[in-house]
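Undergrad: Model the following, please.
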Amino acid sequence: MENRVTNVVIAGLGGQGVLTASNIVAMAAFLSGCDVKKSEVHGMSQRGGSVCSDVRFGQKVYSPMVPPGEA
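TA: Next up, the predicted model:
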């Protein structure tokens, strides 16, 4: 059986709800029975800087980071 992993990258500026959105996606995937990994990069988020969150889910996920070119 193929181990299909879905990659989601959510990016924005501090205060736009990037982390909230990634938490919702991760919780929905978890509640549907998927293995979930999540990674966050805050940067200067408290001052309107960039925020990026990777969410990966599937049957078995080994790394929280989305590989380059696979989002």
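Undergrad: Show the pLDDT at the residue positioned nearest the centre of the chain.
TA: Nearest residue to the geometric centre of the chain (C-alpha atoms, centre = their mean): Val55, 2.1 Å. For Val55, the model assigns a pLDDT of 97.
Undergrad: Ser45 now?
TA: Note on Ser45: pLDDT of 64.
Undergrad: How about the one 4 residues further on?
TA: As summarised for this prediction, Gly49 has a pLDDT of 84.
Undergrad: Tell me how many other residues crowd it.
TA: Gly49 has 11 neighbouring residues, counting by other C-beta atoms under 10 Å. Every residue, glycine included, has its C-beta placed from N, CA and C.
Undergrad: Next: Val8.
TA: For Val8, the neighbour count with other C-beta under 10 Å is 17.
Undergrad: With Cys34 instead?
TA: Taking other C-beta under 10 Å as the criterion, the count of residues near Cys34 is 17.
Undergrad: hmm, who's touching the helix or strand encompassing Ala26?
TA: Under the criterion of DSSP states H and E, Ala26 resides in helix 18-31. Here helix 18-31 makes contact (C-beta atoms under 8 Å, 6 or more residues apart in numbering) with 6, 8, 10-12, 36, 38, 40, 51-55, 57.
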